[in-house]
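Peer 1: Predicted model and sequence below, questions to follow.
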Amino acid sequence: MADLVNVIIDGIATAVPKGTNIVDAAKMIGNEIPVFCYHPKLKQVGMCRMCLVEIGTPKMDPATKQIVKDEQGNVVIAWQPKLSTGCTTPVSEGMSIRTKTQVVKDAEEDVLEFLLTSHPLDCPVCDKGGECSLQDLTLQHGPGTSRFEYENKHHGAKHVPLGDLIWLDRERCIQCSRCIRFQDDIADDHVLQFSERGRNMEIVTMSQPGFDSYFSGNTTDICPVGALTTADFRFKARAWEMQATPSVCEHCPVGCNITLNTRLETKTGGHEIKRVMPRQNEQVNEIWLCDKGRFTHHFTRAQDRIQTPLIRKDGKLVEATWEQALQLVADNVRAAGTSVAGVLGDRIANEDAWLFAKLMRDVIHANNGKAPVQLGMSPAVAAAYAGVARAYGVGKDFDMTKLGKGDVVVIVNGDVEEQAPVWMLRLRQAIIERGAKLIVAHSHGTKMHRYAAQILHYAPGMAANWARQQAAALAEQTKDARNLLVVFGDEKLNGQHAGALALALAELVKPHAGKANSGLLPLYAHANTQGVFDMLDDGSLASSSIVHRPSSAMAAKVGWFVGVGAMEDAPRTAFSVVQELFMTELAAKADVVLPALSFAEREGSFTSADRRVQRFYRALPAFHQAKPDWWIAQEVAKRLGASWSFASAAHIFADVAANVPQYASLSYVAISQTTAQWPPVGRDDMYYGGTTYESDGGLGVRYASDSERGAIPPFETPSTLSEPTVGDLTRPEPKLYRDGELIRRSSVVQKHIEH
């Protein structure tokens, strides 16, 4: 437990951790000291002077060096002659603080009146209306009238593009520097700065292209006024007009908690996502998002989505009813007997993957109990990684905020900024702010190389060979670590090499197995790679598929592909069924195409790369005739004679918990639980933490690793490794804005997409 310091705030005695500043100490007892420049996630600078308070400390007798007491035995307080900034002043033992006196109120009024002399007062047209700290604090603490002539207000450019994603209104800026400090201290992208001085001081971009950062959208969340706005939301809606639905980002393995703000559009008559906002989860993304997660939601209402079932007639795909399409699928599956193979993408929800696997295992292949279902992705390495990562992954109580001095982080063959951006922010804090040691091994440079104590190098495609050769030397360097976290990726590796790398790194973390903050952390390509693997694993996948991708699908008569993006991930079959959002190359060649719902149009759960199971909720009505993937599997099962009656994703998840050992203790109720978090941010604390949403919808639950459960499956370790192929070596490096079906439908990020 941290050392506690006893203080008195407006007559209320409390004890707070040593080092706490006055603003936070007051916040802990519900006393809100107004702030503009201060933010609990940023370094304090005391620029705005809004948090001025009276401070007194116990009077000391200069002769005896003892605390002076009055006749009643009370400690005599020596009050400082001037007000002090509460955000930059740490508490001390016996300190007394006054936040409500007249002199403090006068100071608050003065600061607000001064700010308003340069503010445009364009609240009726400002995007921050309803979420503006200046607006709120003026009503609570400001003067009722202004002594300043409106004609004398300072004027500046009102529509300045800092980059193609963020716009600046220079008149509204109050020079709090929150945006600059976030980019400097959190993102380590030094792309914003102040220019000029006095009333001419303004924010400028220091990069080319402008505001060159993967995290630029966060500055609009923490901006206390309407100075910074996003390209896709400005002038689009008001905060009070929108519905707020908790969800989980589906773009990378972090599983960032988000809130989808939606509204009914009068022009189109349909509901749309107007913006994606962070939802606080200190265990996952704190209050941050990367720009891909924030700006690529437009695919959910893209007009080129598949709207109705399609079946092939006379060589062409034509519209059909659901009954026609489902019956055609059922007839062909029945005729194929057990020669049916399924391939699942790793974006779909746990519930979809589970029911599809159940269909393949219990209905279609009931006679042999086998389910030739495989993970479909490129490169085909998810099974290799997921099995080992589940066995030797981080502990059930893993907390990245606890990593610090004495801990070692090893990153092998992965680019954390490109593949899991918010993890980069959090790992950087552990290294730079708390003293963890970083070792990076890669064939090329990454942003994480900036923070490395040691950099190791190997040739492209040779990560597995290098790890097998250097495992002993690495182990010698990490044996004395308090905790060992190994983050790894699959760059330029085929299935065999990926499996060999994962197993070599598993040997490295074995001495630390069972520790909460030690273990493997894989950089998967998508949000639910681990979850889909968990739903498919029948107890043999981990051992049989660690080196080679399942090949049973290759001879099938019917191929059934759910959320599979790339043609190379699909075996050739006589009859094919595709469930998709868009008319992909694979869907265009199918015999039946079934429209699926996006994550925003249904409920379900994802399992992030650190095995945290999290729930997302329905924010939009169904797109035309699209259906959940699990519903399609159930309807076909019924036509094949199954008596299934799953009514919802929650019902299916209960079946998962009853049959998958790792999920045995989980339920929708459990993963929907929330607890109080520090710092407290949300709708009631926008002046303090920004426009982030609170943790409604649940914080999720991480299930125990196989090593914690004492149930590690056997793994086959290849004795030799083949040479990397030309295909392996020419595979593109992972990039956050790599072109894909979802991202290309977001107009605001078009300039960032890499092909």
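Peer 2: Noted; the coordinates are in hand.
Peer 1: can you list the weak-confidence ranges in the stretch 451-600 of the chain?
Peer 2: Residues of the stretch 451-600 of the chain that meet the criterion pLDDT under 70 lie in 538-555, 569.
Peer 1: List the contacts of stretch 156-173.
Peer 2: 118-120, 122, 126, 128, 154-155, 192, 202-205, 209-212, 216-217, 219-220, 225-231, 234, 291, 295, 748-749, 751-752 (C-beta atoms under 8 Å, 6 or more residues apart in numbering). Any C-beta I mention is one placed from the backbone N, CA and C, and that applies to glycine too.
Peer 1: cutoff 6 Å now
Peer 2: Applying C-beta atoms under 6 Å, 6 or more residues apart in numbering, the contact partners of stretch 156-173 are 120, 202-203, 205, 210-211, 216, 225-229, 231, 234, 751.
Peer 1: what helices or strands is whatever helix or strand R428 lives in leaning on?
Peer 2: Assessed by DSSP states H and E, R428 sits inside helix 421-428. Contacts defined by 3 or more C-beta pairs under 6 Å, 6 or more residues apart in numbering; DSSP states H and E place helix 421-428 against helix 416-419.
Peer 1: Please work out the average pLDDT along the helix it packs on.
Peer 2: Across helix 416-419, pLDDT averages out at 98.
Peer 1: do the same with stretch 163-175
Peer 2: Averaged across stretch 163-175, the pLDDT comes to 96.
Peer 1: One more: stretch 365-374?
Peer 2: Throughout stretch 365-374, pLDDT has a mean value of 57.
Peer 1: now swap in stretch 49-67 and tell me
Peer 2: Stretch 49-67 comes out at a mean pLDDT of 94.
Peer 1: Quick one: residues in contact with it.
Peer 2: 23, 33-36, 68, 75-80, 83-87, 94-99, 101, 104, 107, 111.
Peer 1: Identify each buried residue in that stretch, please.
Peer 2: Neighbour counts using 16 or more other C-beta atoms under 10 Å place 49-59 of stretch 49-67 among the buried residues.
Peer 1: Just checking, which helix or strand succeeds the helix or strand bottoming out on mean pLDDT in the chain along the chain?
Peer 2: Within the chain, no helix or strand scores below helix 541-544, which has a mean of 41 by mean pLDDT, DSSP states H and E. Sequence order places strand 558-562 as the next helix or strand after helix 541-544, per DSSP H and E.
Peer 1: Count the residues that sit near I439.
Peer 2: For I439, the count of nearby residues is 18 (other C-beta atoms under 10 Å).
Peer 1: Return the mean pLDDT over whichever strand or helix holds it, rounded to an integer.
Peer 2: When elements are assigned from DSSP H and E, I439 belongs to strand 437-442. In this model, strand 437-442 carries a mean pLDDT of 98.
Peer 1: Give me the helices and strands touching it, please.
Peer 2: When contacts are defined as 3+ C-beta pairs under 6 Å, 6+ apart, strand 437-442 sits against strand 408-412, strand 454-457.
Peer 1: ok and that strand relative to strand 408-412, angle-wise?
Peer 2: Counting by axes from the mean of the first three to the mean of the last three C-alpha atoms, to 10 degrees, strand 437-442 lies at 10 degrees to strand 408-412.
Peer 1: Alpha carbons only: can I get strand 437-442 in CSV?
Peer 2: Extracted as CSV, the C-alpha positions of strand 437-442 are listed here (Å, rounded to 0.1, in the frame of the first residue of the first chain):
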residue,chain,number,x,y,z
LYS,A,437,14.0,-2.8,-19.6
LEU,A,438,13.2,-3.4,-23.3
ILE,A,439,15.0,-5.8,-25.7
VAL,A,440,14.0,-5.6,-29.3
ALA,A,441,14.8,-8.3,-31.9
HIS,A,442,13.8,-7.5,-35.5
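Peer 1: and it, which strands flank it?
Peer 2: According to DSSP bridges, strand 437-442 has the following sheet partners: strand 408-412 (parallel), strand 454-457 (parallel).
Peer 1: now it: how far from the chain's centre is it?
Peer 2: Distance of strand 437-442 from its chain centroid, counting by C-alpha atoms, centre = their mean, to the nearest Å, is 23 Å.
Peer 1: What strand or helix carries the residue in the chain sticking out farthest from the centre?
Peer 2: Of all residues in the chain, E71 has its C-alpha farthest from the mean position, at 58.6 Å, by C-alpha atoms, centre = their mean. Per DSSP H and E, E71 falls between elements, in no helix or strand.
Peer 1: rewinding a little: okay, the angle between the strand holding I439 and helix 421-428?
Peer 2: 140 degrees.
Peer 1: sorry, back to before: tabulate the helices and strands packed on strand 437-442 in CSV, adding columns for mean neighbour count and distance to N659.
Peer 2: Shown next, in CSV, are the helices and strands packed on strand 437-442 (neighbours: other C-beta atoms under 10 Å; distance: least, C-beta to C-beta, whole Å):
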stretch, mean neighbour count, distance to N659
strand 408-412, 26, 34
strand 454-457, 13, 42
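Peer 1: export these to TSV and tack on distance to Y524?
Peer 2: Below are the helices and strands packed on strand 437-442 laid out as TSV (distance: least, C-beta to C-beta, whole Å):
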stretch	distance to Y524
strand 408-412	15
strand 454-457	23
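Peer 1: So what does R611 look like in phi/psi?
Peer 2: Here is the backbone geometry of R611 (degrees, to the nearest 10): phi 70, psi 30.
Peer 1: what about it, distance to Q175?
Peer 2: Between R611 and Q175 the distance is 44 Å, computed by C-beta to C-beta, to the nearest Å.
Peer 1: Which one's more surrounded, these two?
Peer 2: R611 (27 against 18).
Peer 1: which stretch of helix or strand covers E708?
Peer 2: helix 706-709.
Peer 1: which residues touch the most centrally placed residue in the chain?
Peer 2: Centroid-nearest residue in the chain, with C-alpha atoms, centre = their mean: C256, separated by 1.9 Å. Contact analysis of C256 by C-beta under 6 Å, 6+ apart lists 249, 285, 289, 293, 422.
Peer 1: Where does the record place the domain boundaries for this structure?
Peer 2: As assigned by automatic domain parsing, the chain contains the domains 4-100, 150-301, 310-377+529-709, 383-525.
Peer 1: Would you mind pulling the contact partners of the helix holding R428?
Peer 2: So helix 421-428 is contacted by 186, 214, 254, 256, 285, 288, 290, 400, 416-417 (C-beta under 6 Å, 6+ apart).
Peer 1: Wait, T220 touches A227, no?
Peer 2: No. The pair T220 / A227 is not scored as a contact, 8.9 Å apart, by C-beta atoms under 6 Å.
Peer 1: my read: S96 touches I77, true?
Peer 2: Yes. With contact defined as C-beta under 6 Å, S96 reaches I77; the gap is 4.9 Å.
Peer 1: and those two? which has more neighbours close in?
Peer 2: Between S96 and I77, counting by other C-beta under 10 Å, S96 is the more crowded of the two (19 against 16).
Peer 1: And the strands in the stretch 251-400 of the chain?
Peer 2: Using DSSP state E, counting those that start in this stretch, the strands found in the stretch 251-400 of the chain span residues 257-264, 271-278, 310-313, 316-319, 340-344, 373-375.
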